[in-house]
Structure formats: C-alpha cells, structure tokens
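K.L.:
quick check, what structure comes out for this input:
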Amino acid sequence: MVNRFADGLFWIAVACCAVAQSAIVRSSLVSPAQAPSPSSDEPASLARRALEVCWAAVPGIALAFLFVATWHAMHGQGATAVVDSMTSR
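P.N.:
Residues are numbered from 1 along each chain as shown. I've put the predicted structure just below:
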C-alpha cells in the first residue's frame, strides 16, 4: 500500500515548485531591457534575453527529472519491499 501522506506531500511539493519555476521563467520573459540600446544593438539584446530564459528554464527541467526519479523511487519495487519489511515487524 502506498503511503497517502507521502503522495500528498510529493504533489504539494510539485505544485509549489511548478508555480515558483513558472514565475521565474515569466519574470525573465517580461522583464524590461537592462539598458536602452540603439536599434543596431537589438539582435544582441534578443540574444541576451534568450540566454536569460534558457538559464531560467534549465533548473526547471532538472527539477522535473528529479521529481520523476523521486516518483519512481517512491513507487518502484524497491520502495514497496522497504514498506513491507517495515510493516511486518
């Protein structure tokens, strides 16, 4: 049997991290330009913005992989064997 408290806590953590990560990415998308630049510098400004968005999105992607690994650890064969051995005492 899967521990419902652990599942609830897991999904609350996923929701909180998703909200926080989306706020970080959104702020990198809508933030004003760092300094007014002439029109000839506009491609460089777009490149900086794209790099900023990438650096904001990379931790979110890593966090998604971490949540998937945690879910598999919680619900894999090894996790049920540990729970079964703890309840049989």
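K.L.:
switch to C-alpha atoms for all contacts and neighbour counts from now on
P.N.:
OK.
K.L.:
so what touches stretch 8-23?
P.N.:
Outside stretch 8-23, the residues that touch it by C-alpha atoms under 8 Å, 6 or more residues apart in numbering are Ala57, Gly60, Phe67.
K.L.:
if we go to 6 Å?
P.N.:
Around stretch 8-23, nothing counts as a contact under C-alpha atoms under 6 Å, 6 or more residues apart in numbering.
K.L.:
and that stretch, what's buried?
P.N.:
Using 16 or more other C-alpha atoms under 10 Å as the test for burial, stretch 8-23 gives Gln21.
K.L.:
same check on stretch 48-59?
P.N.:
Within stretch 48-59, the residues scored as buried using 16+ other C-alpha under 10 Å are Arg49, Val53, Ala56, Ala57.
K.L.:
how far off centre is it?
P.N.:
Centre-to-centre, stretch 48-59 and its host chain are 14 Å apart (C-alpha atoms, centre = their mean, to the nearest Å).
K.L.:
before we move on, back to that, ok, the buried residues of stretch 48-59 vs Ala6, which is closest?
P.N.:
Of all the buried residues of stretch 48-59, Ala6 sits closest to Ala57, with 27.1 Å by C-alpha to C-alpha.
K.L.:
any idea of the mean pLDDT for the longest helix anywhere in the chain?
P.N.:
In the chain, taking DSSP state H as the definition, the longest helix is helix 42-75. Averaged over helix 42-75, pLDDT sits at 88.
K.L.:
now do that helix: distance to the chain's middle.
P.N.:
Centroid separation for helix 42-75 versus its chain: 7 Å, with C-alpha atoms, centre = their mean.
K.L.:
and for stretch 7-15?
P.N.:
How far stretch 7-15 lies from its chain's middle: 13 Å, per C-alpha atoms, centre = their mean.
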